[in-house]
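A.B. asks: Okay, predicted coordinates and the sequence, questions at the end:
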Amino acid sequence: MTPDDQPITRRELREELHTTLQHYATKADLAQLETRMMAMEARLVKWMVGMMLGGMVAAAAIASAISNFID
């Protein structure tokens, strides 16, 4: 064994694990993400309903206008 091949100490291992594991999500992070996603889903549903109703109104207006021009 050369002097450069010293075995790793527990302290070095703990430091390495800390720097590696800090990039992983915790349960608190996942719970916060779930809450934000649920709020975003509610907003998206509201937008989709609004866009569908708006599209139906626009289609009815166009059909009514075409019907008036034909008659």
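C.D. replies: That came through fine.
A.B. asks: and A60, how many residues sit next to it?
C.D. replies: Using other Cβ atoms under 10 Å, A60 has 10 other residues around it. Every residue, glycine included, has its C-beta placed from N, CA and C.
A.B. asks: now L30
C.D. replies: Number of residues near L30 (other Cβ under 10 Å) recorded here: 10.
A.B. asks: Return the distance of the helix or strand containing L44 from the chain's centre.
C.D. replies: Assigning secondary structure by DSSP states H and E places L44 in helix 27-70. Relative to its parent chain, helix 27-70 has a centroid offset of 18 Å by Cα atoms, centre = their mean, to the nearest Å.
A.B. asks: Equivalent analysis for stretch 21-30, please.
C.D. replies: Stretch 21-30 sits 16 Å away from the centroid of its parent chain (Cα atoms, centre = their mean).
A.B. asks: C-alpha coordinates for that stretch, CSV please?
C.D. replies: The C-alpha atoms that make up stretch 21-30 are tabulated as CSV, following Å, rounded to 0.1, in the frame of the first residue of the first chain:
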residue,chain,number,x,y,z
LEU,A,21,-27.2,12.9,0.1
GLN,A,22,-28.0,16.6,0.3
HIS,A,23,-29.1,16.5,-3.3
TYR,A,24,-31.9,14.0,-2.6
ALA,A,25,-35.4,15.1,-1.7
THR,A,26,-36.7,14.6,1.8
LYS,A,27,-40.3,13.7,2.8
ALA,A,28,-40.9,17.3,3.6
ASP,A,29,-39.8,18.4,0.1
LEU,A,30,-42.1,15.8,-1.5
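A.B. asks: Mind checking the pLDDT average for it?
C.D. replies: In this model, stretch 21-30 has an average pLDDT of 85.
A.B. asks: Show me the shaky parts of the chain.
C.D. replies: 1-4 (pLDDT under 70).
A.B. asks: Centroid-nearest residue for it?
C.D. replies: Residue closest to the mean C-alpha point of the chain, counted by Cα atoms, centre = their mean, is M37 at 5.9 Å.
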